[in-house]
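Peer 1: Coordinates for the following, if possible.
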Amino acid sequence: MENFVIFMYSDKVACRQDLAVLRKDLILKILSEAQILFGVQLGLDFTGCSPNVALAMIEDCIDTRFNAVSDLGVPSEKQIALASKFGRDISVLSKRVGSAVIEDIMQKLNEEAISQQSLSPGDSVYNKHDATRRTYVISSIKEDGTVYFRGGNGAKAWARSLVRIS
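Peer 2: Here you go, the predicted structure:
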């Protein structure tokens, strides 16, 4: 598994936070050059950053610099434990940035489930967390990995929770 550079941002007034080494296999989308340059204008380094993490960093910047918030909070113990299972240490991050990292991990798990199982509309699936193993037929799949089922009423599940029935 290949790693790449640690990125960080700092604020003279508020705090400095070091972000964990990013794993290429957990990054969904990389920012454009224009977005990275925007971060530079704010004094933030978005190199190798996902859009979710970059947005969280911008919101933290606004809170510390504009709103004079001194405590950005920290990720919960459950978030830290979950991220750790995927090789990520989010304990030194703000609550918001830690949550963005978790969101990226969950998105990647959804993408992997869709790809590995070749999930598509018309497929029969069951939710692995449902003890009754009720069968559903996929109606559509959103970009974020939300899978909707036929029959209406808004029935849906994350792709990472589904098992395709052959």
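Peer 1: quick one, domains of this protein?
Peer 2: 3-111, 119-164 (automatic domain parsing).
Peer 1: Compute the first-to-last residue distance for the last one.
Peer 2: Its start and end residues considered, domain 119-164 measures 7 Å (CA to CA, to the nearest Å).
Peer 1: got the phi/psi numbers for the nearest residue to K95 once chain neighbours are set aside?
Peer 2: Distances taken as CB to CB, 6 or more residues apart in numbering place G73 nearest to K95, at 3.5 Å, with adjacent residues excluded. (Glycine included, C-beta is placed from N, CA and C.) G73 has phi and psi values of phi 80, psi 170 when expressed as degrees, to the nearest 10.
Peer 1: confidence score at the closest residue to N110 other than its chain neighbours?
Peer 2: What sits nearest to N110 in space, not counting adjacent residues and going by CB to CB, 6+ apart, is G145, at 2.4 Å. At G145, the model reports a pLDDT of 96.
Peer 1: Can you give me the neighbour number for G145?
Peer 2: A count of nearby residues for G145, using other CB atoms under 10 Å, gives 22.
Peer 1: Let me see the contact set for it.
Peer 2: M106, Q107, L109, N110, E111, A113, I114, W158, A159, R160 (CB atoms under 8 Å, 6 or more residues apart in numbering).
Peer 1: Grab the CA positions of the longest strand that the chain contains and hand them over as CSV.
Peer 2: In the chain, with assignment by DSSP state E, the single longest strand is strand 135-141. Coordinates of each C-alpha in strand 135-141 appear next as CSV, following Å, rounded to 0.1, in the frame of the first residue of the first chain:
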residue,chain,number,x,y,z
THR,A,135,-34.7,-9.5,-0.5
TYR,A,136,-34.8,-6.1,-2.3
VAL,A,137,-34.5,-5.2,-6.0
ILE,A,138,-32.3,-2.2,-6.7
SER,A,139,-34.1,0.7,-8.4
SER,A,140,-31.2,3.2,-8.5
ILE,A,141,-27.8,4.0,-7.0
